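Peer 1: What follows is a predicted protein model with its sequence.
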Amino acid sequence: MFDIAPSKVRLPPGTSASAGFMVQSSDVPSNGQQACPVVDSMKVTLPGIPSAFTIAEKFTACGGPTISVSAIVGESELTATS
């Protein structure tokens, strides 16, 4: 699991910011898998926001249908934890 708490980002009108999250999945086959599935994108739905968005990023997702996703935080916080 991730040790990252959600954070608020306050922006003055007319400015922008970057935010993100980290994803953790296994690349080792388990539960009888012969190979790990590779996905090309991830659909993201945020609490309280009706529409989802897609992130085009290829990664290996072994170990079942569940992967770990960190809280969404400002980009500077992600850089500090890498």
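Peer 2: Alright, I've got the coordinates. The structure presented is a predicted model; accordingly, all values stated were derived computationally and were not measured. Numbers count the residues shown, from 1 in each chain.

Peer 1: Provide a list of residues in contact with the residue lying closest to Ile55 once chain neighbours are set aside.
Peer 2: Nearest non-adjacent residue to Ile55, counting by C-beta to C-beta, 6 or more residues apart in numbering: Met42, 4.9 Å away. To be clear about C-beta, it is placed using only N, CA and C from the backbone, and glycine gets the same treatment. Contacts for Met42 (C-beta atoms under 8 Å, 6 or more residues apart in numbering) come out as Val23, Thr54, Ile55, Glu57.

Peer 1: Spatially, which pair of the residues you listed is furthest apart? Let me know, please.
Peer 2: Greatest spatial distance among those (C-beta to C-beta): Val23 and Thr54, at 13.7 Å.

Peer 1: Neighbour count: those two, which is higher?
Peer 2: Set Val23 next to Thr54 and count neighbours by other C-beta atoms under 10 Å: Val23 wins out with 15 against 10.

Peer 1: who's in contact with that one?
Peer 2: Val23 touches Met42, Phe59, Ile67, Ser68, Val69, Ser70, counting by C-beta under 8 Å, 6+ apart.

Peer 1: Repeat the analysis, applying 6 Å as the threshold.
Peer 2: Neighbouring residues of Val23 by C-beta atoms under 6 Å, 6 or more residues apart in numbering: Ile67, Val69.

Peer 1: Tell me which stretches of the chain form strands.
Peer 2: 19-20, 23-24, 38-39, 42-44, 53-55, 59-60, 68-69, 73-74 (DSSP state E).
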